[in-house]
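Novice: Below is the structure, and that's it, no one-letter string:
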């Protein structure tokens, strides 16, 4: 059975890890945490792969640029 995870859970995983991510390292962390077959949804999109979710979150300004990659913070999670 495919797991369906809200994008907020990915953002919370990023915050808890306190890591700076690249696109590749975030994809790996998502797969390791939620499984390769998981699909993701947000308040306005559904059935996304990890790569599609990364693109979606990035396009909506949910990532903060750092010297070696990007992070997120709890203020960027809409939680509605």
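Specialist: Thanks, I have the structure now. Nothing here was measured: the structure is a model prediction, and the numbers come from that model.

Novice: Tell me the secondary structure of the most centrally placed residue in the chain, please.
Specialist: Centroid-nearest residue in the chain, with C-alpha atoms, centre = their mean: residue 10, separated by 3.9 Å. Assigned by DSSP: H, G, I helix; E, B strand; the rest coil, the conformation of residue 10 is helix.

Novice: quick one: contacts for it?
Specialist: Listed by C-beta atoms under 8 Å, 6 or more residues apart in numbering, the contact partners of residue 10 are 30, 34, 40, 53, 57. C-beta here means a position set from N, CA and C on the backbone, and glycine is covered the same way.

Novice: What about the residues you listed, which are in helices?
Specialist: Among the contacts of residue 10, the members falling in helices (DSSP state H) are 30, 34, 53, 57.

Novice: Please tell me how far the second one sits from residue 9.
Specialist: Between residue 34 and residue 9 the distance, using C-beta to C-beta, to the nearest Å, works out to 8 Å.

Novice: Those two - which one has more neighbours?
Specialist: residue 34 (18 against 15; other C-beta atoms under 10 Å).

Novice: circling back to that earlier point, now pLDDT and distance to residue 69 too, for the contacts of residue 10, in CSV please.
Specialist: CSV is the format used below for these (pLDDT from 0 to 100; distance: C-beta to C-beta, whole Å):
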residue, pLDDT, distance to residue 69
30, 98, 14
34, 97, 20
40, 98, 20
53, 97, 16
57, 96, 14
